[in-house]
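> Quick one: sequence and predicted model below, then my questions.
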Amino acid sequence: LMLSRWTELDLRHLALPQMRELRDKSKETVTLATREGWEFVIIEQCESPEEIRQKMRLWERIPLLNGGATAKAILAFMSAEEVDEIRQQIDGPERSLLDDEERSKIRMRKYAYSRGERVPDGTALSAPILGDDGHVQGALTISGPRFRLTRIRATELSASLIRAAGQISAKLGYGTREPC
């Protein structure tokens, strides 16, 4: 499931039109992350035009168990076997990130939401990027300060986020593979 640097650069190129459109609509920072094992890596970012904004470090590796919307979106769309493997390796409060009921809710609404989980006073919503085989490859995330990216605003933006993530997934071949 680890993407090569070449593939990551290609994914960045494929995703930029949707990322810019989402940034322009939301006026918030939009990031693209890929999954690498038990971590995700921020590979592209379109920064908010607002003076107060969230900014991520490109190529930063962040453990999936650190929480936040990006991690939740990726974890929710991982296979049950992969999640069980992680569950067996950890003991403590991090296990709550892998709650089956929460994963199911995220899969049903097609995006994850977090408020102050990973970044104090930050809010984010994130949708998965799926590859041609249906496996989660990463996530597309809108993030901003809590005072501006409220729960109501996040809900308003969710359809645009889901649509953009779906368009990127389609560029990766998701939904185009013939059944066996």
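Nice, thanks for sending it over. Everything numeric in this text was worked out from a predicted model, so none of it was measured. Numbering: from 1, shown residues only.

> can you pull out the strands in the protein?
Here the chain has its strands, by DSSP state E, at 29-36, 39-46, 61-63, 112-115, 122-130, 136-145.

> Run the angle between the helix or strand of the chain with the lowest mean pLDDT and strand 136-145 for me.
Within the chain, no helix or strand scores below helix 80-89, which has a mean of 79 by mean pLDDT, DSSP states H and E. Angle, helix 80-89 to strand 136-145, by axes from the mean of the first three to the mean of the last three Cα atoms, to 10 degrees: 70 degrees.

> Of all residues in this structure, which one is nearest the centre?
In the chain, the residue lying closest to the centroid (Cα atoms, centre = their mean) is Ala139, at 2.8 Å.

> Might one say that that one is in contact with Leu125?
No: contact criterion Cβ atoms under 8 Å: Ala139 and Leu125 do not qualify, at 10.1 Å. Every residue, glycine included, has its C-beta placed from N, CA and C.

> shared neighbours, those two?
The contact sets of Ala139 and Leu125 overlap at Ala69 (Cβ atoms under 8 Å, 6 or more residues apart in numbering).

> Could I get the contacting residues of the residue nearest to the centre of the chain?
The contact partners of Ala139, by Cβ under 8 Å, 6+ apart, come to 32-33, 35, 40, 69-70, 73-74, 126-129, 165.

> let's see 10 Å
Ala139 is in contact with 31-35, 40, 69-77, 111-112, 124, 126-129, 161, 165, counting by Cβ atoms under 10 Å, 6 or more residues apart in numbering.

> How about Met78?
Met78 neighbours (Cβ under 10 Å, 6+ apart): 1, 35, 64, 84-86, 98, 103, 128, 135-136.

> Ramachandran coordinates for it?
Note on Met78: backbone dihedrals following degrees, to the nearest 10 are phi -80, psi 160.

> Tell me the spacing between it and Pro128.
From Met78 across to Pro128, the span is 9 Å (Cβ to Cβ, to the nearest Å).

> Now for these two: what residues contact both?
The contact sets of Met78 and Pro128 overlap at 35, 135-136 (Cβ under 10 Å, 6+ apart).

> closest to Trp59 among those residues?
Within the set of these, Arg35 lies nearest Trp59; the separation is 14.2 Å, counting by Cβ to Cβ.
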